[in-house]
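> Got a sequence here, can you model it:
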Amino acid sequence: MGIITISTAKDKCPDCGVCHEGMEKWMSDCCKKHYKGKSSTKTSSGKRPKKPKTVSKAKKEEMETYRIKRQFFLQDEKGNQKKCVVCEDKAKDFQATFPGQVAVIRPATDVHHMKKGHDRLDVKYWLPICRTCHHEVEENPGWAIENGYSIERNKK
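Next up is the predicted model:
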């Protein structure tokens, strides 16, 4: 059987110095006034969070141009959503292995930038891809380069 100890020590409020029994008493109305008006927006480290960085006018314009180009890129000539090129390639391999079976080809929802570090607005390095395949391409760069879904940085 364990030993139970009961503390009779009183806790002092760090602001008013008054002794209070237990935490509930410590946060009594007397002590709450010390904390009134103090910011509750501090992080766990006690520092105020930094303001988000502002985006330059040129960057905003680039982002808007990208958004519009991306929207049109993910549509075919008839205005329908393009299919994921990785799913299409996998479907060809699947149907060659299992003739007569139907493979799933998902719609392209993402733009994969085949060559990192280039102009984001250069459509020749874009690839219409679904979210699932995009994750696979990003997680397996060697496989993506080998299959033509990504280009090494030092290649033109």
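> Model confidence score at H20, please.
Turning to H20, the model gives it a pLDDT of 54.
> likewise S44?
In the predicted model, S44 carries a pLDDT score of 63.
> mind starting the numbering at 89 from now?
Okay, using 89 as the starting number, the last item reads as S132.
> Just after the strand or helix carrying E152, pick out the following helix or strand.
According to DSSP states H and E, E152 maps onto helix 145-161. Note on helix 145-161: by DSSP H and E, the next helix or strand toward the C-terminus is helix 173-185.
> ok, and what's touching that next one?
189, 191-194, 196, 215-218, 221, 224-225, 235, 237 (Cβ atoms under 8 Å, 6 or more residues apart in numbering). Quick note: C-beta positions are derived from backbone N, CA and C, even for glycine.
> now those: which count as buried?
193-194, 196, 215-218, 221, 224-225, 237 (16 or more other Cβ atoms under 10 Å).
> so can I have JSON lines of those residues showing distance to Y154?
Formatted as JSON lines, these follow (distance: Cβ to Cβ, whole Å):
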{"residue": "I193", "distance to Y154": "26"}
{"residue": "R194", "distance to Y154": "23"}
{"residue": "A196", "distance to Y154": "16"}
{"residue": "L215", "distance to Y154": "15"}
{"residue": "P216", "distance to Y154": "15"}
{"residue": "I217", "distance to Y154": "16"}
{"residue": "C218", "distance to Y154": "19"}
{"residue": "C221", "distance to Y154": "21"}
{"residue": "E224", "distance to Y154": "23"}
{"residue": "V225", "distance to Y154": "19"}
{"residue": "Y237", "distance to Y154": "20"}
